[in-house]
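J.: return a 3D structure for these sequence lines:
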Amino acid sequence: MADARLQRLQAEMEKDAVDLVALLPGPNLTYLSGLSFHLMERPVVALIPRKGLPALVLPDLEAAKVAASRIPFIPFPYGEDDTSRTGAFLAMAKRMNLGAQKVAVEYRRMRVLELRLLEKAAPQMTTGEADPLLARVRMYKEPAEAQAMREAVRMAERAFEQTLPAIRPGVSELEIVAELTLQTLRSGSDSELPFAPIVACGPNAALPHALPGERRLQAGDLVIVDWGAAHQGYFSDLTRTLAIGSLTDELRLVYETVRRANQAGREACRPGVTAGEVDAAARSVIAAAGYGERFVHRTGHGLGLEVHEEPFIREGSEVRLEPGMTFTIEPGIYLAGVGGVRIEDDVLITAEGAETLSVYPRDLRVIAG
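T.: Numbering: from 1, shown residues only. Prediction:
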């Protein structure tokens, strides 16, 4: 019996008149096969045909993994020399009748190395983009995937709670990152985290993707903490903002505005609503408070085997939310030279509405300054 995920992908390929999909090591190949490979100097390329068995070119040292794949592969292993590698690609091209067929590739992942090897093996082939059709398959999470994400959220929330005692005046952003990373692993997270935690205090918190450094927390700071955990390869992605000591009236207003925007965004989530409408629900709260120009990014992004995947919750998006879609809601306000606030939660669309997977409190937490 054919694997359901492979069947869904091949059905999408049929819709788009794509003959083959080429996959490199990464989330899409793992999703389909259950196999993980390093993206390295030894190329690994899977070719998924619209009908029939997939093929996999891989180095000899990885060949034993094929037996554990959830889908059957025709393997084409190669040795350390270039001639062996070229021969494996040529053999695969012949077996898959590559010829002048249309091959969809991962625009976000395909490297020149693998593309040139494919082109050399099949000079007449044409290429297109695989990402949209792959997204249509992966956007809808199966119950087991959703459960893995719930577990990843719980792990992240436990890790944050255990890190709180380390967040105090005089401690640097990097010291908090180290403690949070340790606590995330202790909470049971996979060793490969979704991303390196972001801890940004004071003026640094005005940068949505700040790089943590040596700045030390001090009274009057807002502290943005953006982190996540992983369970069975599936990610969580959360953000909470803390206050060190008393804040100015404006910063308290900013915090409350973002909290209400987060709530409005989550409350707008349900089947049939567009991603753009959810973005508008959150964005309108911030605009009404006079900070529209200070909300400088989209309201959210899809979440799963990648920390940024479809659907993207952004202005004007006509993508309709459907059961199984998972994504973040993370409005923010950023005041250059002063600080910023972001509150981020993870959401799953259900048949009845939406489930907010993250439950950690969103009210302002003040740490004595």
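
J.: quick one: the helices in this protein, in order.
T.: Counting by DSSP state H, one finds helices in the chain at the ranges 4-16, 27-33, 82-95, 112-121, 131-138, 143-163, 173-186, 249-267, 275-288.

J.: and the contacts of the last one?
T.: Going back to what we said before, that points to helix 275-288. Contacts made with helix 275-288 from outside it, assessed by Cβ atoms under 8 Å, 6 or more residues apart in numbering, are listed as 257-258, 260-262, 264-265, 267-269, 292, 294-295, 298-300, 311-321, 327, 329, 331, 333. Heads up, the C-betas are built off the backbone N, CA and C, glycines and all.

J.: give me the mean pLDDT for that helix.
T.: With pLDDT averaged residue by residue, helix 275-288 scores 98.

J.: buried stuff in that helix?
T.: A275, G276, E277, V278, D279, A280, A281, A282, R283, V285, I286, A287 (16 or more other Cβ atoms under 10 Å).

J.: do the fifth one as well
T.: Judged by neighbour count using 16+ other Cβ under 10 Å, the buried positions of helix 131-138 are D131, L133, L134, A135, R136, V137, R138.

J.: biggest separation within those, which pair?
T.: Spatially, the most separated pair among the buried residues of helix 131-138 is D131 and V137, at 11.0 Å (Cβ to Cβ).

J.: in the protein, which residue is most central in space?
T.: V307 (1.5 Å; Cα atoms, centre = their mean).

J.: measure it to G233 for me?
T.: Distance, V307 to G233, using Cβ to Cβ, to the nearest Å: 12 Å.

J.: residues contacting the nearest residue to R294 once chain neighbours are set aside?
T.: In space, R294 comes closest to I333 once its chain neighbours are excluded; the distance is 4.7 Å by Cβ to Cβ, 6 or more residues apart in numbering. In this structure, I333 makes contact with V254, T257, V258, I286, Y291, R294, F295, G340, V341, judged by Cβ under 8 Å, 6+ apart.

J.: just among the residues you listed, which is most surrounded?
T.: Ranked by neighbour count under the definition other Cβ atoms under 10 Å, these are headed by V341 with 30 neighbours.

J.: and that residue, what does it touch?
T.: Going by Cβ under 8 Å, 6+ apart, V341 touches A205, L222, I224, T241, L251, V254, Y255, V258, G332, I333.

J.: burial measure for the first one, as a count.
T.: A count of neighbours around A205, defined by other Cβ under 10 Å, yields 27.

J.: where in the chain is pLDDT low?
T.: By pLDDT under 70, the weakly predicted segments of the chain are 1-2.

J.: and it, split by domain according to the record?
T.: Taking automatic domain parsing as the domain assignment, the record places the domains of the chain at 4-138, 143-367.

J.: deepest-packed of these, please.
T.: With neighbours taken as mean count of other Cβ atoms under 10 Å, those reach their highest mean count in domain 143-367, at a mean of 19.

J.: now the terminal residues of that domain, how far apart.
T.: One end of domain 143-367 to the other measures 38 Å (Cα to Cα, to the nearest Å).

J.: next: stretch 115-132.
T.: As for stretch 115-132, its first-to-last residue distance stands at 19 Å under the measure Cα to Cα.
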